[in-house]
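Student: I need the structure of the sequence given here:
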Amino acid sequence: MPLIDEDRLFPADPATRAVARRLYDGVKALPIVSPHGHTDPRWYAEDTPFPDPATLFVTPDHYVFRMLYSQGIALEDLGVPDRHGRSAADPRSIWRRFASNYHLFRGTPTRIWLDHVFATLFGFEERLSATTADLYYDSIDEKLRSPEFRPRALYARFGIEVIATTDGPLDDLSHHRAIRTSGWNGRVVPTYRPDPVLDPDFDGFRGNIERLGEISGCDPLTWQGYLEAHRRRRAFFRELGATATDHGHPSAATADLSQEEAARLFATVLSGSFTPAEAELFRAQMLTEMARMSLDDGMVMQIHPGSVRNHNRIVFERFGRDKGCDIPGRTDYVQALRPLLDRFGNERDLTVILFTLDETTYSRELAPLAGHYPALRLGPPWWFFDSPEGMRRFRELATETAGFYNTVGFNDDTRAYLSIPARHDMARRVDCAFLAGLVTTGRLDEDEAHELAYDQAYRLARDAYKLNSDPIIRTSKGGERDL
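Tutor: Just a heads-up that it's a prediction; the model follows:
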């Protein structure tokens, strides 16, 4: 048996499977547009070899270590560094522990992604297990040392057309600048993620704002100076190719206060003496302010609400943020977004992409909202639901009201670089399977299904995120000039 089935994720019904195969054949080799992700721009700037299999596959990937932790395996034993960056685990020991517990991933999307990588990149035909752990480790480790497995070579091998990273507002984007001036023809763009200077509950909030003022040349301790600092940082990100912002708020709450009220609220949260309700109101007001700025500068706005971040207090205290402890929560969109939509929802020149971790909102709230307001689009299933089942549920529940063209295709949202082709392949297979069902039940002509498969795999993401052209052209000497 091969490690991966060539008909994986296609319908079992022979007639529908045949249509799905034809649709997939038309899109499987399309370039990858990755408009939202978390890979490290340093990889592309420095193009150095990845260190070892464990550091590449296990330690940074919360999809992997989250499952292992749930079965009682300590994060220290998986090489996850603590808050001070300390990690003493041996890479081969980490890998053996991972391989011995590979059965935990049965039936999960992580298993699909990993098997795809192991088969297509490294040529494995036998499943990872305790028995094959060292064979896998040695083979992968050897290949990672070769030029063909460096980040830029993999970028070309994967067929990536453009990839976006997610970057903090205080980041100097030096790696992005190095990429631009290197003469390499890969396109890596930043994304403006202002949470550290926008969320009063973020660690070091006031200090972050003071630093924002230093690097932007504004007085960030006044309301208007603070807003101007955001505008300047957004402009700086755009100079290096950014086309989008990203906002990871606890809720989708928005507000539309007067500037006088907003200034008073800003002074309150800046003082450090504020209530949870005041923190929520400030975040809500800032989503509206970010929408206003997006309407001015053209940046696409992404809202990722509903994640109860860092739910495991002990893990957060020992290891910090983003350690697999985010848990989905109930999310309201209809009333929460109304202030923003009353102000900007009818703007055809604004794009706000909504994501959710609350699947109950697909047909009740999100699809009706996106199916009406010109400014709204629906992002693909995210975090816990970027799975075959989650993608299918999304199409079934959202398409009936929002259609296909109020969605934005697929984004992989990953830190795991080698999984990017696997994630896009899975999305393309699931979409082709869904479209094949519409064809065989007489709801869609096959020529229309081919157009939709292309749009979902490629065009919708490229268009929604305004990635059709690069605003900076590289010269033959490795320099750059504006279009």
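Student: next one: phi and psi at residue 302?
Tutor: With angles defined as degrees, to the nearest 10, residue 302 shows backbone torsions of phi -110, psi 130.
Student: pretty sure residue 379 is one of the things it touches, is it not?
Tutor: Yes: using Cβ atoms under 8 Å, residue 302 is in contact with residue 379, at 6.8 Å. In this view, the C-beta of every residue, glycine as well, is placed from N, C-alpha and C.
Student: identify the contacts common to these two.
Tutor: Listed as contacting both residue 302 and residue 379 by Cβ atoms under 8 Å, 6 or more residues apart in numbering are 36, 353, 355.
Student: mind putting these into TSV with pLDDT?
Tutor: Compiled in TSV, these are given as follows (pLDDT from 0 to 100):
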residue	pLDDT
36	96
353	98
355	98
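Student: of the residues you listed, closest to residue 116?
Tutor: Each of the shared contacts of residue 302 and residue 379 was scored against residue 116 by Cβ to Cβ, and residue 36 proved nearest at 20.3 Å.
Student: ok, now which ones touch the residue nearest to the closest one when sequence neighbours are not counted?
Tutor: Excluding the flanking residues, the one nearest residue 36 by Cβ to Cβ, 6 or more residues apart in numbering is residue 411, at 4.1 Å. Taking Cβ under 8 Å, 6+ apart as the criterion, residue 411 is in contact with 34-37, 379-380, 461.
Student: in helices only, show me the residues you listed.
Tutor: Within those, residues falling in helices by DSSP state H are residue 461.
Student: can you tell me which of the contacts of residue 411 are buried?
Tutor: Buried by 16 or more other Cβ atoms under 10 Å: 34-37, 379-380, 461, out of the contacts of residue 411.
Student: so which of these belong to strands?
Tutor: The subset of the buried ones among the contacts of residue 411 located in strands under the criterion DSSP state E comprises residue 34.
Student: just put the buried ones among the contacts of residue 411 in CSV and tack on distance to residue 213.
Tutor: Output for those, formatted as CSV (distance: Cβ to Cβ, whole Å):
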residue, distance to residue 213
34, 33
35, 30
36, 28
37, 29
379, 32
380, 36
461, 35
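Student: which among the buried ones among the contacts of residue 411 gets closest to residue 426?
Tutor: Checking the buried ones among the contacts of residue 411 one by one against residue 426 (Cβ to Cβ), the nearest turns out to be residue 380, at 11.4 Å.
Student: contacts only, for the closest residue to the closest one other than its chain neighbours.
Tutor: Taking Cβ to Cβ, 6+ apart as the measure, residue 380 lies nearest to residue 410, with 5.1 Å between them; neighbours along the chain are not counted. Residue 410 sits next to 380, 423-424, 427-428, 431, 456-457, 461 when contact means Cβ under 8 Å, 6+ apart.
Student: three-state assignment of the residue nearest in space to the middle of the chain?
Tutor: Most central residue of the chain, judged by C-alpha distance to the mean C-alpha position with Cα atoms, centre = their mean, is residue 413 at 2.4 Å. Following DSSP: H, G, I helix; E, B strand; the rest coil, we place residue 413 in the coil state.
Student: where's it relative to residue 354, distance?
Tutor: 14 Å (Cβ to Cβ, to the nearest Å).
Student: go on, residue 291?
Tutor: Distance from residue 291 to residue 354, counting by Cβ to Cβ: 12 Å.
Student: same check, this time on residue 26
Tutor: Remark: distance between residue 26 and residue 354 (Cβ to Cβ) = 29 Å.
Student: residues near residue 84, how many?
Tutor: As a burial measure, the neighbour count of residue 84 was computed by other Cβ atoms under 10 Å and equals 8.
Student: check for me that it belongs to a strand.
Tutor: No: counting by three-state DSSP, residue 84 is located in no strand; its state is coil.
Student: ok so residue 410 is a helix residue?
Tutor: No: for residue 410, which was evaluated using three-state DSSP, the result is coil, with no helix membership.
Student: backbone dihedrals for it, please?
Tutor: Backbone geometry at residue 410, expressed as degrees, to the nearest 10, gives phi -120, psi 140.
Student: helices of the stretch 251-400 of the chain, start to end?
Tutor: Assignment of helices within the stretch 251-400 of the chain using DSSP state H, counting those that start in this stretch yields the ranges 259-271, 276-297, 313-319, 338-344, 361, 367-370, 388-402.
Student: now do the last one, average pLDDT.
Tutor: Mean pLDDT, computed over helix 388-402, is 97.
Student: may I have the next helix or strand after that helix as PDB, with CA atoms only?
Tutor: Where DSSP states H and E defines the elements, the next helix or strand beyond helix 388-402 is helix 420-440. What follows is helix 420-440, C-alpha atoms only, in PDB (Å, rounded to 0.1, in the frame of the first residue of the first chain):
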ATOM      1  CA  ILE A 420       2.000  24.200   2.800                       C
ATOM      2  CA  PRO A 421       1.600  22.100  -0.400                       C
ATOM      3  CA  ALA A 422      -0.100  19.400   1.600                       C
ATOM      4  CA  ARG A 423      -2.600  21.900   3.000                       C
ATOM      5  CA  HIS A 424      -3.400  23.400  -0.300                       C
ATOM      6  CA  ASP A 425      -3.700  20.000  -1.900                       C
ATOM      7  CA  MET A 426      -6.200  18.900   0.700                       C
ATOM      8  CA  ALA A 427      -8.300  22.000   0.200                       C
ATOM      9  CA  ARG A 428      -8.300  21.500  -3.600                       C
ATOM     10  CA  ARG A 429      -9.400  17.900  -3.200                       C
ATOM     11  CA  VAL A 430     -12.200  18.800  -0.800                       C
ATOM     12  CA  ASP A 431     -13.400  21.600  -3.000                       C
ATOM     13  CA  CYS A 432     -13.300  19.400  -6.100                       C
ATOM     14  CA  ALA A 433     -15.200  16.700  -4.200                       C
ATOM     15  CA  PHE A 434     -17.900  19.200  -3.200                       C
ATOM     16  CA  LEU A 435     -18.200  20.600  -6.700                       C
ATOM     17  CA  ALA A 436     -18.400  17.100  -8.100                       C
ATOM     18  CA  GLY A 437     -21.400  16.400  -5.900                       C
ATOM     19  CA  LEU A 438     -23.100  19.500  -7.300                       C
ATOM     20  CA  VAL A 439     -22.400  18.300 -10.800                       C
ATOM     21  CA  THR A 440     -23.700  14.700 -10.400                       C
END
